[in-house]
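S.K.: pasted the sequence and its predicted model underneath.
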Amino acid sequence: MNMALWQLRQWGRRLGAGGLLGLALLVLALGAFFMLVRPLHVQAHAQQQRIDQLRATGQTVAAAPVTTAPDPIAALPPDSSAAATLGELEQLARAHDFELTRGQYSVATVNTGGDDAARLARWQMVFLVQASYPELHAFVAAALERLPNLTLDEVKLKRERIEDTALQTELRFSLFVETAP
């Protein structure tokens, strides 16, 4: 046992610190190969064999039936729901511990093309908010999740001093609603 230990020490002295580090990295790379890469290679090979077998027998794998997507414009709420949506945004802001104190609103009509095409109204809203980043992030995520016809167009963040936790933020949203043709 002492002879084997002496031999290991001699090899360590010959290799030096750089050689020992390289040897350790080589052992680590081989371990990663056999633990991570090799099982994926075996799995990919098995899948390729399954594909070749299906092609040889002429079978096809049944694909999920293609369903036609409903008209997204038909799913939009009517123009009269815009006020309710704004109220819901204010409730979400209060739930996340800040107020939508000041906002600018403008409405533009968007024609989707063609004579019989649906017409949309795009409500553009700009809110100036002072909140911490986690509150702001949670509010935006909840608003976009709850209101599928709401889009976040722009976010401007400003912090006066580095030690401030509250950000002065400008949020620009667009709300799409269907108008009467």
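M.R.: Good, I have the coordinates.

S.K.: what helix or strand is residue 124 on?
M.R.: strand 119-132 (DSSP states H and E).

S.K.: now that strand, how far from the chain's geometric center?
M.R.: 21 Å (C-alpha atoms, centre = their mean, to the nearest Å).

S.K.: kindly report the same for stretch 14-34.
M.R.: For stretch 14-34, the distance to the chain centre is 38 Å (C-alpha atoms, centre = their mean).

S.K.: now do that stretch: everything it contacts.
M.R.: Stretch 14-34 is contacted from outside by residue 12, using C-beta atoms under 8 Å, 6 or more residues apart in numbering. The C-beta positions use only the backbone N, C-alpha and C, and glycine is treated the same way.

S.K.: report the buried residues of it.
M.R.: Using 16 or more other C-beta atoms under 10 Å as the burial criterion, none of the residues of stretch 14-34 qualify.

S.K.: so where's the chain uncertain?
M.R.: The chain contains residues with pLDDT under 70 at 1, 59-81, 111-118, 180-181.

S.K.: which parts of it are strands?
M.R.: 102-111, 119-132, 150-158, 166-179 (DSSP state E).

S.K.: mind putting the ones you listed into CSV with distance to residue 39 and mean neighbour count?
M.R.: Formatted as CSV, those follow (distance: least, C-beta to C-beta, whole Å; neighbours: other C-beta atoms under 10 Å):
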stretch, distance to residue 39, mean neighbour count
strand 102-111, 52, 12
strand 119-132, 44, 17
strand 150-158, 41, 13
strand 166-179, 46, 18
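
S.K.: which one of these lies nearest to residue 140?
M.R.: Closest to residue 140 of the strands of the chain is strand 150-158 (C-beta to C-beta; 6.1 Å).

S.K.: report the distance from the longest helix belonging to the chain to the chain centre.
M.R.: Scanning the chain for the helix with the most residues, using DSSP state H, yields helix 2-32. Its chain's C-alpha centre and that of helix 2-32 lie 45 Å apart, by C-alpha atoms, centre = their mean.
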